[in-house]
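**Q** sequence first, predicted model second:
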Amino acid sequence: MPESETPDVAGANVTDVISPEHAQHLRLLEALIFAGTQALDEKELAERLPNDADVSRLLTDLADLYAARGVNLVKVAGGYAFRTAPDLSEKLKIEKPVTRKLSRASIETLAIIAYHQPVTRTEIEQVRGVGLSKGTLDLLFEQNWIRPMGRRRAPGKPVTWGTTDFFLEHFGLASLDDLPGHEEMKAAGLLDPRAQPPIFRAEEPDLPLEAPEEENDEPLAAEEQGS
């Protein structure tokens, strides 16, 4: 086979005149980078290539050979590695739902919001008897189970929280009137049976935490609706 048509490592023909040694070095370079668990720099590659190998030229040639392919040779973190061609990255994305197991704090918080809405963060803490981490409300909000409903006409104007339509859909409820009672929640393991007093309005209408009158809340500003 003439040197001008030496088969390249990617299956095409290199039209430039290259020697069989250079072609073999390209194959070895390709294998080294492909098998590497991380990006390899020129020094690391030179240590594994023959002494007469021109690493810089080899890298340039290999990058050219893969320029129009599904994977490209790119320089990352000071080394070289194969990466998906940028124009194909969107077509390779796979979205999968991730199931998260709610913590006890998240379950209790969601239950308090469901039964006492609209309710503020402070009022949730009063019912639970312990402080509430910001991450708990963030998680429930990200799951689209709770939403900000307005601001309480009180010092600091705290945000009040309530459940969403997705909350009803997720738990198979036609309306909030279909929420289970205190005994049902205990039987389902969502409430400590030793907890006193019960935290659910459906079974204990005289809780110290009462839902405020509608006129006591004011709507959120437009920029706060998605926060």
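**A** Right, received. Where do you want to start?
**Q** domain assignment for the protein?
**A** As recorded under automatic domain parsing, the domains making up the chain are 3-92, 104-224.
**Q** let's have those domains in a markdown table, adding mean pLDDT and mean neighbour count.
**A** Placement of C-beta: from N, CA and C, glycine included. Putting the domains of the chain into a markdown table (pLDDT from 0 to 100; neighbours: other CB atoms under 10 Å) gives the following:
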| stretch | mean pLDDT | mean neighbour count |
| --- | --- | --- |
| domain 3-92 | 81 | 14 |
| domain 104-224 | 72 | 15 |
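**Q** and the next helix or strand past the lengthiest helix in the chain?
**A** Longest helix of the chain, by residue count under DSSP state H: helix 20-35. Note on helix 20-35: by DSSP states H and E, the next helix or strand toward the C-terminus is helix 42-48.
**Q** which parts of the chain are strands?
**A** Using DSSP state E, the strands of the chain run over 71-76, 79-84, 119-120, 146-152, 159-163, 217-218.
**Q** name the helices or strands packed onto the longest one?
**A** Counting contacts by 3 or more CB pairs under 8 Å, 6 or more residues apart in numbering; DSSP states H and E, strand 146-152 is packed against helix 134-142, strand 159-163, strand 217-218.
**Q** the same query, at a cut-off of 6 Å, please.
**A** strand 159-163, strand 217-218 (3 or more CB pairs under 6 Å, 6 or more residues apart in numbering; DSSP states H and E).
**Q** distance to Ala85 added to those, as JSON lines?
**A** Below are those laid out as JSON lines (distance: least, CB to CB, whole Å):
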{"stretch": "strand 159-163", "distance to Ala85": "45"}
{"stretch": "strand 217-218", "distance to Ala85": "53"}
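**Q** still on that earlier bit, how about the strands of the chain, which one is nearest Arg48?
**A** Nearest to Arg48, of all these, is strand 79-84, at 12.6 Å by CB to CB.
**Q** quick one: that closest one to chain centroid distance?
**A** Computed by CA atoms, centre = their mean, to the nearest Å, the chain-centroid distance of strand 79-84 equals 24 Å.
**Q** now that strand against helix 20-35, angle please.
**A** Interaxial angle, strand 79-84 versus helix 20-35 (axes from the mean of the first three to the mean of the last three CA atoms, to 10 degrees): 70 degrees.
**Q** got the CA positions of strand 79-84 in CSV?
**A** Output of strand 79-84 as CSV, limited to C-alpha atoms (Å, rounded to 0.1, in the frame of the first residue of the first chain):
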residue,chain,number,x,y,z
GLY,A,79,-4.6,16.7,29.2
TYR,A,80,-6.3,15.1,26.3
ALA,A,81,-9.4,13.0,26.1
PHE,A,82,-12.2,11.9,23.8
ARG,A,83,-15.5,13.8,24.3
THR,A,84,-18.9,13.7,22.6
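**Q** now tell me what touches it from outside.
**A** Strand 79-84 is contacted from outside by Ile33, Ala39, Leu40, Asp41, Val71, Asn72, Val74, using CB atoms under 6 Å, 6 or more residues apart in numbering.
**Q** same check on stretch 151-170?
**A** Identification of contacts with stretch 151-170 by CB under 6 Å, 6+ apart yields 113-114, 117-120, 144-150, 216-218.
**Q** next: stretch 50-60.
**A** His25, Leu26, Leu29, Glu42, Leu45, Ala46.
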